[in-house]
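A.B. asks: Got a predicted model here, sequence first, then my questions.
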Amino acid sequence: MKEVIATRYITPLREGGSLPGLVEGDDFGTYVMKFSGAGQGGKTLVAEVVVGELARRLGFRVPRLVTLDLDPVLGLGEPDQQVQELLKSSGGTNLGMDFLSGALGFDPLAFTVSPEEAGRIVWFDALVNNVDRSWRNPNLLMWHGDLWLIDHGATMIWHHNWPGAQTSAARPYDAADHALARFAPDVATAAVDLAPKVTEELLAEVTAEIPDAWLTGEPGFDTPDLLREAYVAPLLARVPFLHERIKGLQ
């Protein structure tokens, strides 16, 4: 991922529990910043990187991800005490994603998605066990007429309990409340195209994008690279016959 220095804090985005912020970088880009000091912790940022970069390599539209180096002094003028504390606790490496100016939140009652595209997204969400793409909170945007995937912090829940990761990864995926369930997702066709692409080599390439700063101090892992390897195994284990273990679709 490209390394960018945050040069101006613009405004908080009061959506969800992580309280992301809109910032400007030294490359003059505008980014949605997700903070390392947020309550969800660094694992949320790791999930964003692994899932976002994997999605990009599989052909999905996701905002470009960068690392954002934050100097806490940028928050001195922020009047909101909660936001100021968040900025103070997030010095160093944070996550940024391109701000899609003018994008609309996806409404399954207002937009139509083909069974093929719906199937690809549902299959992918099943792979990473995305529990946060429901009709209540789609985490999808419409931008220039295309569907974009965002917000993947609530994925790969097995990385919150590594001893049970393989068991957790083997569980079926319930898509009954998925934002795209109503569009007759063709997950079988999606599996034919996507499953062969999810290889150990591709996953190693993706996990190499995770900054060391977010991987240090994990109990049971002496080095960041050992932890990177641990992210590969559960994902690989989910691929075979994944479409047959997606439940809740008619």
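C.D. replies: Structure received.
A.B. asks: tell me the SS of the residue nearest to Arg56 when sequence neighbours are not counted?
C.D. replies: Using CB to CB, 6 or more residues apart in numbering and skipping the chain neighbours, the partner closest in space to Arg56 is Val62 (5.3 Å). Every C-beta, even on glycine, is put in place using the N, C-alpha and C of the backbone. At Val62 the chain is in coil, as set by DSSP: H, G, I helix; E, B strand; the rest coil.
A.B. asks: What about Val62, how many residues nearby?
C.D. replies: 19 (other CB atoms under 10 Å).
A.B. asks: One more: the one 3 residues further on?
C.D. replies: The burial metric for Leu65, expressed as a neighbour count using other CB under 10 Å, is 21.
A.B. asks: residue contacts, it?
C.D. replies: Leu65 makes contacts with 1, 48-49, 52-53, 95-97, 209, as judged by CB atoms under 8 Å, 6 or more residues apart in numbering.
A.B. asks: Using CSV, write out every CA atom in the helix or strand bottoming out on mean pLDDT in the chain.
C.D. replies: Sorting the helices and strands of the chain by mean pLDDT, DSSP states H and E puts helix 81-88 at the bottom, at a mean of 85. In CSV, the C-alpha atoms belonging to helix 81-88 read as follows (Å, rounded to 0.1, in the frame of the first residue of the first chain):
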residue,chain,number,x,y,z
GLN,A,81,-13.3,16.0,23.1
GLN,A,82,-14.0,12.5,22.0
VAL,A,83,-12.5,13.1,18.6
GLN,A,84,-9.6,14.9,20.0
GLU,A,85,-8.8,11.9,22.3
LEU,A,86,-9.1,9.6,19.4
LEU,A,87,-6.6,11.6,17.4
LYS,A,88,-4.2,11.8,20.4
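A.B. asks: Show me what it is packed up against.
C.D. replies: strand 21-25 (3 or more CB pairs under 8 Å, 6 or more residues apart in numbering; DSSP states H and E).
A.B. asks: Buried residues in the strand it packs on, which are they?
C.D. replies: 21, 23-25 (16 or more other CB atoms under 10 Å).
A.B. asks: Next one: Asp80 from Phe183, what distance?
C.D. replies: 39 Å (CB to CB, to the nearest Å).
A.B. asks: and Thr189, how many neighbours?
C.D. replies: Applying other CB under 10 Å, we find 15 residues neighbouring Thr189.
A.B. asks: Okay, it and Ala118: tell me how far apart.
C.D. replies: Thr189 sits 11 Å away from Ala118, going by CB to CB.
A.B. asks: what does Leu149 give?
C.D. replies: Look at Leu149 and Ala118: by CB to CB, they are 12 Å apart.
A.B. asks: Surely Thr11 is within a strand?
C.D. replies: Yes - using three-state DSSP, the secondary structure at Thr11 is a strand.
A.B. asks: from what I can see it touches Val23, true?
C.D. replies: No - between Thr11 and Val23 there is no contact under CB atoms under 8 Å: 9.1 Å.
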